[in-house]
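Colleague: Pasting the sequence and the predicted coordinates here, then a few questions.
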Amino acid sequence: MAGPRGSSVPEKTGAAVLRLLLRHERPLGGSELARLLAADTGTRVHANTVYRALRWLIDGGRVRRIASRRSYAAIPFDAQGDFLILLCSRCERATHVAAPEIVRDIEAAARRAGFRAEALYLEMIGQCPHCRRDEGAYAA
């Protein structure tokens, strides 16, 4: 199946990479994805194949590159529009939350400065409620 940009990434490889990202609930790097995919399939998987699949998934809106971690995270099926990615520094889980007002404010500031944005990555690093609860520091 030809994906966006005319790539030749088979749908099967993209689907397998997406399943891995969804299963692990944390951002994964390309090399780690290649190792996990090889373990799942029992065959050698080249990193280039994984990166082509990631590009196909990014272009299709199913995966985001996590710039601060040099890794990738699946976009949940219910994440629509503009969102912020919350990255837990303890368990490494990635959570997506809607943030249209933040995106509008940032884009307006860029326009006022005469800046034309090509991409916007909103990431926040901290501790998730589960990890904070484990420390006794989170009250629901």
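Modeller: Noted; the coordinates are in hand. Numbering: from 1, shown residues only.
Colleague: any idea how the chain splits into domains?
Modeller: Split into domains by automatic domain parsing, the chain comes to 4-74, 83-134.
Colleague: so where do the strands sit in the protein?
Modeller: Ranges of strands in the chain, per DSSP state E, are 63-66, 71-74, 83-88, 94-98, 123-126.
Colleague: List of residues touching the fourth one?
Modeller: Contacts with strand 94-98, where a contact means Cβ atoms under 8 Å, 6 or more residues apart in numbering, come from 25-27, 66, 73, 75-76, 79-88, 128. For every residue, glycine as well, the C-beta is placed using N, CA and C.
Colleague: distance of the residue nearest in space to the middle of the chain from Ile58?
Modeller: Compute the mean C-alpha point of the chain, and by Cα atoms, centre = their mean the closest residue is Ala73, 2.3 Å away. Distance, Ala73 to Ile58, by Cβ to Cβ, to the nearest Å: 11 Å.
Colleague: Identify the contacts common to the two.
Modeller: Both Ala73 and Ile58 are contacted by Arg64, under the criterion Cβ under 8 Å, 6+ apart.
Colleague: And the pLDDT at Ala67?
Modeller: Per-residue pLDDT puts Ala67 at 85.
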